[in-house]
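Participant: Mind looking at a prediction? Sequence and model below.
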Amino acid sequence: MKKSAFTVDPVEPGDRSGCLPEFARSAQIYQIYGLRRGTLYNLWHAGLISGVSLRRKGQKFSCRLWFVPSISAYLHSLLKAQAPGVSNSTVEPQFRPEYGCERIDSAAPERAGKNDKQ
């Protein structure tokens with residue numbers, strides 16, 4: 001019998017099939033929910049979902065990241081409004097605090113206007 005040189009099993013990647021990211025770019029949101037960039041910006045301007053812009057001072061372009069739990073909460077609120085006969089346990093989003101997900105209140109964070117410098 002050949003002895004292994006390692007004292008523990010080799011590291012293998014974990015299963016992330018049920019794990020959503022906390023923040024995602026527009027392309028990832030499209031893959032997850034089917035919402036396009038224009039729809040995301042319209043919902044963000046209406047204060048229905050949250051997002052953050054990553055831009056260093058002096059840079060011309062930025063990267064917009066969307067807060068995934070806010071999108072999930074918005075979609076669940078639509079489901080609750082459109083399907084009043086469905087029980088709350090099946091409509092309420094399942095947030096997982098161990099992944100940094102928290103319940104989102106209806107109040108959206110303040111954001112800079114279109115012409116304001118960030």
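Facilitator: All right, it came through fine. Residues are numbered from 1 along each chain as shown.

Participant: Point out where the chain drops to low pLDDT.
Facilitator: Residue ranges of the chain with pLDDT under 70: 1-4, 6, 16-17, 86-118.

Participant: again, only this time at 90
Facilitator: Counting by pLDDT under 90, the ranges of the chain that qualify are 1-21, 79-118.

Participant: now the strands for it?
Facilitator: 23-24, 51-54, 63-67 (DSSP state E).

Participant: Give the other helices and strands that the second one contacts.
Facilitator: Translated: strand 51-54. In terms of contacts (3 or more CB pairs under 8 Å, 6 or more residues apart in numbering; DSSP states H and E), strand 51-54 is packed against strand 63-67. The C-beta positions use only the backbone N, C-alpha and C, and glycine is treated the same way.

Participant: what residues does the strand it packs on touch?
Facilitator: For strand 63-67, the external contacting residues (CB atoms under 8 Å, 6 or more residues apart in numbering) are 22-26, 29, 40, 44, 49-55, 104.

Participant: Also stretch 25-32?
Facilitator: For stretch 25-32, using CB under 8 Å, 6+ apart, the contacting residues are 20-21, 24, 35-37, 40, 63-66, 68, 71.
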